[in-house]
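Peer 1: missing the sequence, but the structure's below:
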């Protein structure tokens, strides 16, 4: 009898795990879907990796502004990607993986500086 209860419990647990809805969406998939809207395709894992590396470079000061970050992104996206798509990718990367870097994008949209 005890074996029967354990077996039934195991079946119920297996069904619950199998049928359970995910607690949250996969961020990398959401990012891939976003850049697909911009016509940027490629392996989901690669694009997510590139976006995360872009954020890391901004956070560590390797790229000191959005223009430098856009150059890095453009060199690593698929050949033929437009300038507009490069900036859309960068904005999506920041929105998704490092929203604390929003001021970097805002600085590009701000008044022109005379360096």
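Peer 2: Structure's in. What do you need? What you are looking at is a predicted structure, and each value in this text was computed from that prediction instead of being measured.

Peer 1: Helices of this protein, start to end?
Peer 2: Read by DSSP state H, the chain holds these helices, from start to end of the chain: 2-19, 27-37, 44-60, 66-76, 83-97, 102-109.

Peer 1: Dump these into TSV; add mean pLDDT and mean neighbour count as well.
Peer 2: Yep, even glycine has a C-beta here, placed from its N, CA and C like the rest. Listed next are the helices of the chain as TSV, based on pLDDT from 0 to 100; neighbours: other CB atoms under 10 Å:
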stretch	mean pLDDT	mean neighbour count
helix 2-19	41	9
helix 27-37	96	16
helix 44-60	97	17
helix 66-76	98	17
helix 83-97	98	19
helix 102-109	93	13
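
Peer 1: In this structure residue 90 contacts residue 68, no?
Peer 2: No - Residue 90 sits out of contact with residue 68 when judged by CB atoms under 8 Å, with a separation of 10.6 Å.

Peer 1: residues in contact with stretch 104-111?
Peer 2: With CB atoms under 8 Å, 6 or more residues apart in numbering as the test, stretch 104-111 has contacts from 58, 65, 66, 67, 69, 90, 91, 94.

Peer 1: likewise stretch 74-94?
Peer 2: Stretch 74-94 has contacts (CB under 8 Å, 6+ apart) with 31, 34-35, 38-42, 47, 50-52, 54-55, 58, 66, 69-70, 73, 101-102, 104-105.

Peer 1: Can you get me the start-to-end distance on it?
Peer 2: From its first residue to its last, stretch 74-94 covers 15 Å (CA to CA, to the nearest Å).

Peer 1: so how far is it off the chain centroid?
Peer 2: Centroid separation between stretch 74-94 and its chain, computed with CA atoms, centre = their mean, to the nearest Å, is 13 Å.

Peer 1: same question, stretch 49-68
Peer 2: Centroid separation between stretch 49-68 and its chain, computed with CA atoms, centre = their mean, is 13 Å.
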